[in-house]
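> Build me a model from this:
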Amino acid sequence: MNSSIDAIRDASTRLTVFLANYNHGKFLAAAIEGLLCQTVTPMEIWLADDASTDESRDIIARYAARHSVIKPVLLPENRGVVANMANFLADTDAEYVCFAASDDLVMPDMIEQSLRLLLRHPEAGLCSSLCRLMDENDHDLGPFRSFVPPSENGFVSPEMAARLLMQFDSWVMGNTTVYKRNALRAVGGFDPSLHSFTDGFATRAITLTHGAVFVEKELAYWRQMDSGLSSTTNTDPDRVHQIADRAMVLMSTTHCGIFPPAYGERWRHRWFYGAVTSCLHGQAGDPWPAIDAILSPASAVDRAMIALSRRTGMAGKLLFKLYAIFRLRALDALLCLSPIKLRSSARRRIIASRYKNSSP
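Got it, this is the predicted structure:
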């Protein structure tokens, strides 16, 4: 299909952005400006405020008064971001949908670049890209270390997606993703019981069903904060286990025909590894009780390593991270033997980052 700028502008009139906000008035204006300054204009920006108590609603009112593309959704009580995303998906009739966060930023050409590839490959269920990291004070922290999937002119087939998920896991970043609405609905949309992993599960299911396209360019900033949904989830042992149990059930029942049979257990180990490393990287408190609970039922070796590591400060955290790789990611250490042909730059990225970050 023609992916000229005229075709892209036409497609943008069938795209709606959902921007979720809760007490992020400090960052909200920048997030809105990023969406308003896109090189192609979306049909609508649903700006959902989840009963904020800061200045967020005043900011929303000012922007809505000046920009007709903004549709304010002022919720009377806090329902949670996942529930609000699910409700939006059920209500919208847009062909393409994008879910933005009020503490993140998107680059000016994020929508244009995404639609260009989606028009070129109409079979794909979503488009994603690389992203950069920033902190609470807007300092650039460099690129998020992720790999570039091998593709055919930007398209990753379902068969290739299955191989990539087994060997490296997902490359899709939620804050850079534009979905085909029907593809997202077909895999069940956003399951609230999966909490912070709800979009991670949906994107995996979509790539395995429809394939995906990928823009090898940084199209968004992900603001990393200890108070973020991902960070708070990954350091809560009960929530970590709840999500893992629910995802494993879905992969083996309603989605058993989508996910490779061996993937669930591989993903579960990676998920626990990500939670353990989140605890180790946390800036406050004693991480060891949470790590013990995440590994539950912890073995005698686990507890011996926790006891040794907690006595040796920062060196102990590094020691335990190495142990966690052996404990939870041993199969992934065979990455260098992968038969998938990747560009050398992509391979270096994977090897350098695989044990730094949990999978998206």
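> so Ser196 touches Ile243, yeah?
Yes - Ser196 lies in contact with Ile243 (Cβ atoms under 8 Å); the separation is 7.4 Å. Using the backbone N, CA and C atoms, a C-beta is placed for each residue, glycine as well.
> what about the strands in the stretch 51-200 of the chain?
70-74, 96-101, 105-106, 126-134, 140-143, 155-156, 178-180 (DSSP state E, counting those that start in this stretch).
> The longest strand seen in the chain pairs with which strands?
Identified as the longest strand of the chain according to DSSP state E is strand 212-223. Take DSSP bridges as the rule and strand 212-223 pairs in its sheet with strand 105-106 (antiparallel), strand 126-134 (parallel), strand 155-156 (antiparallel).
> what about the longest helix seen in the chain, distance to the chain center?
Using DSSP state H, we find that the single longest helix of the chain is helix 263-281. From the chain centre to the centre of helix 263-281 is a distance of 15 Å (Cα atoms, centre = their mean, to the nearest Å).
> Give me the packing partners of it, helices and strands only.
Helices and strands touching helix 263-281, by 3 or more Cβ pairs under 8 Å, 6 or more residues apart in numbering; DSSP states H and E, are helix 158-167, helix 229-234, helix 237-252, helix 288-294, helix 313-328.
> Nearest approach to Gly125 belongs to which of the ones you listed?
Among the helices and strands packed on helix 263-281, helix 158-167 comes nearest to Gly125, with 9.2 Å by Cβ to Cβ.
> got the angle between that closest one and strand 212-223?
In terms of direction (axes from the mean of the first three to the mean of the last three Cα atoms, to 10 degrees), helix 158-167 departs from strand 212-223 by 40 degrees.
> Just the angle for helix 158-167 relative to helix 263-281, thanks.
Using the same axes, to 10 degrees: helix 158-167 against helix 263-281 is 50 degrees.
> any chance you could map the helices in the stretch 51-200 of the chain?
Along the stretch 51-200 of the chain, counting by DSSP state H, counting those that start in this stretch, helices occupy 56-66, 81-91, 110-120, 158-167, 181-186, 198-210.
> Using JSON lines, please lay out those together with mean neighbour count.
As requested, the helices of the stretch 51-200 of the chain are exported to JSON lines (neighbours: other Cβ atoms under 10 Å):
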{"stretch": "helix 56-66", "mean neighbour count": "16"}
{"stretch": "helix 81-91", "mean neighbour count": "18"}
{"stretch": "helix 110-120", "mean neighbour count": "23"}
{"stretch": "helix 158-167", "mean neighbour count": "18"}
{"stretch": "helix 181-186", "mean neighbour count": "17"}
{"stretch": "helix 198-210", "mean neighbour count": "24"}
